[in-house]
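Trainee: make a model of this:
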Amino acid sequence: MSLYSTATRWGAPARALHWVMAVGIAGMVGYGLWMTGLPPSMRKLNVYALHKSVGITLLGLAVLRLAWRLFDRRPEPPPGQPALQLAAARIAHAATYALLFVIPLSGWLYNSASGFPLSWFKLYNLPKLSESDPALKALAHQIHEYGAWTLVALVVLHAAAALKHHYVDRDQTLRAMLP
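Mentor: Okay, here's the model as predicted:
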């Protein structure tokens, strides 16, 4: 198992970060949808605190993933791919990376503008990104929510493209990312 990516396969760190974040994001979207329906209670506060802690963790993993991506090479695209398809893939990947930062940062900003402290797993308190501000709170919430739905759409598109490569094109694109 190679540490670094090759011309035909992603390296172990790239694959691990990809799949850990995929599971984390899927879990966070489902958890986020579920938690918003909870009635006000101490349980709801604890549920939100866990969502925030995992979100900050995913932000840290996004930083690590981007750093690794800048350092590591990328496998070559399969030969004969249309230029438009390659451009669409680049745009979708760039948008996905942007959202991996925008979503947790907007959640952090939403929390700050709401006037709540932010603690990472009750171990560390994170600094506020703003003072209490109802208008900023509303904007940050919209960015967080619409960003999450946009990321869901991009993930579905990403998975569909991977399956198309595997079953229609019959190339190695999907296998290059599998464990």
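
Trainee: the helices in the chain, which residues?
Mentor: Secondary structure of the chain (DSSP state H): helices at 12-35, 42-71, 83-113, 134-164.

Trainee: tell me the buried residues in the second one?
Mentor: Which is helix 42-71. Neighbour counts using 16 or more other C-beta atoms under 10 Å place 47-49, 51-59, 61-62, 65, 68-69 of helix 42-71 among the buried residues. (Each C-beta comes from the backbone N, C-alpha and C, glycine too.)

Trainee: same question, stretch 104-116
Mentor: By 16+ other C-beta under 10 Å, the buried positions in stretch 104-116 come out as 104, 105, 106, 107, 108, 109, 110, 111, 112, 113, 114.

Trainee: apart from its neighbours in sequence, what residue is nearest the second one?
Mentor: In this case it means residue 105. Spatial nearest neighbour of residue 105, chain neighbours left out: residue 59 (6.9 Å); criterion: C-beta to C-beta, 6 or more residues apart in numbering.

Trainee: hang on, residue 64 packs against residue 20?
Mentor: No. Counting by C-beta atoms under 8 Å, residue 64 stays clear of residue 20, with 10.2 Å between them.

Trainee: which among the buried residues of stretch 104-116 gets closest to residue 160?
Mentor: Comparing the buried residues of stretch 104-116 against residue 160 with C-beta to C-beta places residue 104 closest, at 25.1 Å.

Trainee: my guess is that closest one meets residue 62, correct?
Mentor: Yes. Residue 104 is in contact with residue 62 according to C-beta under 8 Å; the separation is 7.5 Å.

Trainee: still on that earlier bit, now the buried residues of stretch 104-116 in a markdown table, with pLDDT?
Mentor: A markdown table is the format used below for the buried residues of stretch 104-116 (pLDDT from 0 to 100):
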| residue | pLDDT |
| --- | --- |
| 104 | 98 |
| 105 | 98 |
| 106 | 98 |
| 107 | 98 |
| 108 | 98 |
| 109 | 98 |
| 110 | 98 |
| 111 | 97 |
| 112 | 97 |
| 113 | 98 |
| 114 | 96 |
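
Trainee: nearest to residue 27, of those?
Mentor: Nearest to residue 27 among the buried residues of stretch 104-116 is residue 104, at 13.8 Å by C-beta to C-beta.
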